[in-house]
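Trainee: Below: sequence and its predicted model.
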Amino acid sequence: MRTQTQDASPRRGTKRGFALRGAAVLIAAAGFAALFALALLPGAHGAFEMDNTGGTAACAVGGNTFVSAASTGLRLRSAALAEIAAPELSFSSPAASGGEGGAAVWDSGGGTLCLISPEGDAIEVSAGGRVVSAEVNPGGLTAAAVLPEDGLGLVTVYSAAGAELYRCHLNTAWPLSACVSPDGEKLAILAASERGGEVRVFRLDSTEQHAAYTLPGECFFRLGWLSDGELCAVSEKRALVLTDGCEILHESVFDGAARRAEFGEGFAVIETAGALLTLDAGGETGRRNLAGAALSLDALGDRVLYLAGGEAVFCTPSLDVLASRPAEGALSALLRLRGDALLIGRAEAEVIYV
């Protein structure tokens with residue numbers, strides 16, 4: 001395992017610094033929704049009812065495996081929606097992320113972190129501090145951003161089997177998120193410091209920082225790889241497409257504040273005030289106006305799925321509509337690798353198809 005230490009100078013505990021540290025936890029916590037765990041209705045194909053967990057739950061899809069984390073425990077379901085045995089874990093403030101290579105669930109601001117493979121194998125790992133976020137790349141490598149008790153920012157890369165592969169310590173910035181490139185060779189870290197929003201790139205075969213970029217006066221809230229050599233960082237005001245050497249390839253300035261962003265294969269989809277837009281390494285590729293804020297936004301492979309106006313809408317990476325389905329009462333919709341999606345509400349849920 002390689003260990004990288006950055007910014008070895010002592011960190012000064014200014015008021016602004018503590019505010020940024022708190023923002024890291026708040027940004028991660030904003031990713032989970034107040035949902036309920038799912039239970040398959042006997043005899044019903046693709047129809048669900050909700051089991052009241054007595055609290056909030058965070059849901060994600062890793063490949064085709066459905067993941068639900070709540071105060072009452074962790075629940076997993078296979079592609080066929082059969083229940084899969086899961087570790088006995090509970091989450092006071094559950095958060096989850098998923099994608100082609102698997103899923104991760106954690107206690108936002110706590111120390112519990114569990115990695116889930118696309119087949120539903122679950123492994124609890126030692127996070128080494130308060131987990132801010134975790135992202136899984138298409139090859140199953142998980143990058144976890146953590147705030148350890150000693151005050152250093154820490155990012156750890158885990159293998160699909162839960163082994164620690166790489167560590168990076170930061171002394172003068174607070175990690176908000178991190179992600180491994182699709183080819184598994186580079187690590188990108190999104191951080192906040194007194195200088196502004198930061199992107200830092202490392203090669204996993206080296207202990208030296210490969211490149212860095214700082215956006216003065218703004219804080220990025222989302223980072224993702226568009227390819228092995230390009231990545232996209234999103235703030236409320238703009239999206240930057242960067243090379244892995246942190247040179248700017250494209251900049252999109254938003255008409256209104258960005259609310260969220262998700263990443264598919266080679267593209268990003270971003271919700272701004274009243275619109276969705278997509279971009280790839282060459283710039284903007286699509287735009288679609290919304291009547292109001294989207295309730296949910298997801299991207300996987302070459303598809304986008306959003307909830308708005310009582311409908312679940314499937315789109316291409318250029319936001320051309322493939323299909324729409326009624327979605328009254330739904331709170332969230334999650335794409336699965338097999339091509340369908342899970343439409344999740346408070347009292348019921350169902351599988352929907354393009």
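Mentor: Cool, got the structure.

Trainee: which of the residues in the helix or strand hosting His169 are buried?
Mentor: If you go by DSSP states H and E, His169 is part of strand 164-170. Neighbour counts over strand 164-170 (16 or more other CB atoms under 10 Å) mark Leu165, Tyr166, Arg167, Cys168, His169, Leu170 as buried. In short, each C-beta sits where N, CA and C put it, glycine included.

Trainee: Determine how far it lies from the middle of the whole chain.
Mentor: 19 Å (CA atoms, centre = their mean, to the nearest Å).

Trainee: May I have that strand as PDB, with CA atoms only?
Mentor: Taking Å, rounded to 0.1, in the frame of the first residue of the first chain, the C-alpha atoms of strand 164-170 are listed here in PDB:
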ATOM      1  CA  GLU A 164      -6.200  -0.600   1.300                       C
ATOM      2  CA  LEU A 165      -4.300   0.200  -1.900                       C
ATOM      3  CA  TYR A 166      -3.400   3.900  -1.400                       C
ATOM      4  CA  ARG A 167      -3.600   6.700   1.200                       C
ATOM      5  CA  CYS A 168      -3.300  10.400   0.800                       C
ATOM      6  CA  HIS A 169      -3.100  12.800   3.800                       C
ATOM      7  CA  LEU A 170      -4.000  16.500   3.400                       C
END
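
Trainee: Please name the strands paired to that strand in the sheet, noting orientation.
Mentor: Partners of strand 164-170 in the sheet, by DSSP bridges, are strand 2-6 (parallel), strand 153-158 (antiparallel).

Trainee: I'd like the mean pLDDT over the shortest one, please.
Mentor: In other words, strand 2-6. Strand 2-6 comes out with an average pLDDT of 55.

Trainee: cool, and the longest one?
Mentor: For strand 153-158, mean pLDDT rounds to 97.

Trainee: And for stretch 77-84?
Mentor: pLDDT averaged over stretch 77-84 gives 88.

Trainee: Quick check: buried residues in stretch 309-316?
Mentor: Neighbour-count burial for stretch 309-316 flags Ala312, Val313, Phe314, Cys315, Thr316 (criterion: 16+ other CB under 10 Å).

Trainee: Low-confidence bits of this protein, can you list those?
Mentor: 1-45, 47-55, 347-349 (pLDDT under 70).

Trainee: Make sure Ala273 is actually in contact with Asp255.
Mentor: Yes. Counting by CB atoms under 8 Å, Ala273 does reach Asp255; the two are 6.9 Å apart.

Trainee: Neighbour count for those two, which is higher?
Mentor: Comparing Ala273 with Asp255 by other CB atoms under 10 Å, the one with more neighbours is Ala273, at 12 against 9.

Trainee: Can you give me the distance of the residue nearest the centre of the chain to Ile344?
Mentor: Central residue of the chain (CA atoms, centre = their mean): Ser97, 4.7 Å from the mean position. According to CB to CB, to the nearest Å, Ser97 stands 16 Å off from Ile344.

Trainee: Right, I'll leave it there.
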